[in-house]
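Trainee: When you get a sec, could you give me coordinates for this:
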Amino acid sequence: TPTPAGYVYEDYEDQRKNPFIADKPDHEKTQAELIEELRYMRAENDYLKHMKALNEKNAAKAAKPFKR
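Mentor: Predicted coordinates:
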């Protein structure tokens, strides 16, 4: 579905998905594949923690009364 900015929403969704989910069962993966997946998941977890902290900071900032 094209958007006004010219991006295709489905392509964006495909980029956001974990590339390892539909791969193969864990017991069939090599150690290198498992390490790569672990690094990906750790990076994703760090990103999500950062975004959560940022959202909490912005919510706290918005909740404070405006001073003049």
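Trainee: ok, residue 36 - how many residues close by?
Mentor: As a burial measure, residue 36 scores 14 neighbours (other Cβ atoms under 10 Å). Just so you know, the C-beta spots here come from the backbone N, C-alpha and C atoms, and that holds for glycine as well.
Trainee: Same question for the one helix or strand it maps to: list its buried residues.
Mentor: Per DSSP states H and E, residue 36 falls inside helix 31-63. Under the neighbour-count criterion of 16 or more other Cβ atoms under 10 Å, helix 31-63 has residue 37 buried.
Trainee: And the average pLDDT for it is what?
Mentor: Computed over helix 31-63, the mean pLDDT rounds to 93.
Trainee: Which other helices and strands does it contact?
Mentor: The helices and strands touching helix 31-63, judged by 3 or more Cβ pairs under 8 Å, 6 or more residues apart in numbering; DSSP states H and E, number zero.
Trainee: per-residue confidence at the residue lying closest to residue 34 once chain neighbours are set aside?
Mentor: Here the nearest residue to residue 34 in space, its sequence neighbours aside, is residue 26; by Cβ to Cβ, 6 or more residues apart in numbering that works out to 7.0 Å. For residue 26, the pLDDT comes out at 90.
Trainee: burial measure for residue 26, as a count.
Mentor: With other Cβ under 10 Å as criterion, residue 26 counts 10.
Trainee: where's it relative to residue 44, distance?
Mentor: To residue 44, residue 26 is 17 Å away according to Cβ to Cβ, to the nearest Å.
Trainee: And residue 65, by the same measure?
Mentor: Distance from residue 65 to residue 44, by Cβ to Cβ: 36 Å.
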